[in-house]
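J.: The following comprises the amino acid sequence and a computationally predicted model.
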Amino acid sequence: MTIHQDGLFVQSGQGRSYYFGQDLYTFKAIGEETGEAYALCEAIVAPQGGSPLHRHTRENESFYVQDGEIEFQLGDRTLVATAGTFLYSPKGQLHRFTNTTATPAKMLIWVTPAGFEKFMAEVSKAVNDQITLGASLSPEDLDKILTAAPKYGIEIIPPSSEQ
């Protein structure tokens, strides 16, 4: 485990980037840099992009919308978050988010403790050089996600059985 005692400085355009479908996740801090205390990523959520309904058994998840508009489901509540909105989903709570607009939205996702970034590294497509448009999730991608999720304490609720 490496903890950066000098702090962490990650500039715009830097970090580990992954496509989860058409959405771009750039991790600004990961567990091995924070003593496993947290992971922080910037997400650019494509129109109609977002996450499936899911719950974390290990992490709390916080969201800060920086630009655009994102619809969130937290438990049984549906909320529309615009720039400047902060949301918190404690571990165990069913939640999801969707960009229901025609323009990309941007937000920060803070996960405590760290670990979610390892799931994303396993199931997403790494961005190696130039950022381009991500591709929609294929059936193979969905199978990979559903297979890997339990290993990371994540329960994904398939659309046909949403609670």
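T.: Alright, I've got the coordinates. Numbering: from 1, shown residues only.
J.: now the lowest-mean-pLDDT helix or strand in the chain, how far from the centre of its chain.
T.: Least confident helix or strand of the chain, by mean pLDDT, DSSP states H and E, is helix 139-148 with a mean of 75. Distance, stretch centre to chain centre, for helix 139-148: 16 Å (C-alpha atoms, centre = their mean, to the nearest Å).
J.: Could you do stretch 92-107 as well?
T.: Distance, centroid of stretch 92-107 to centroid of chain: 10 Å (C-alpha atoms, centre = their mean).
J.: Just the buried residues of it, please?
T.: Neighbour-count burial for stretch 92-107, counted by 16 or more other C-beta atoms under 10 Å, picks out L94, H95, R96, F97, T98, N99, P104, A105, K106, M107. Where C-beta positions appear, they are placed from N, C-alpha and C, glycine not excepted.
J.: The residue lying closest to the fifth one once chain neighbours are set aside: neighbour count?
T.: Okay, so that is T98. In space, and not counting its chain neighbours, T98 is closest to G50: 3.7 Å by C-beta to C-beta, 6 or more residues apart in numbering. Taking other C-beta atoms under 10 Å as the criterion, the count of residues near G50 is 22.
J.: swap in the one 5 residues further on?
T.: Using other C-beta under 10 Å, R55 is surrounded by 20 other residues.
J.: returning to that earlier point: give me the distance between the helix or strand following the least confident helix or strand of the chain and the centre of its chain.
T.: Going down the chain from helix 139-148, the next helix or strand is strand 154-156, by DSSP states H and E. Offset of strand 154-156 from its chain centre (C-alpha atoms, centre = their mean): 13 Å.
J.: Show me what strand 154-156 is packed against.
T.: strand 54-56 (3 or more C-beta pairs under 8 Å, 6 or more residues apart in numbering; DSSP states H and E).
J.: List the buried residues in the following helix or strand past the strand it packs on.
T.: The helix or strand immediately downstream of strand 54-56 is strand 60-67, counting by DSSP H and E. By neighbour count, with 16+ other C-beta under 10 Å as the criterion, the buried positions of strand 60-67 are N60, E61, S62, F63, Y64, V65.
J.: Now do strand 60-67: which elements does it pack against?
T.: Packing contacts for strand 60-67, counted by 3+ C-beta pairs under 8 Å, 6+ apart, involve strand 77-82, strand 86-89, strand 105-112.
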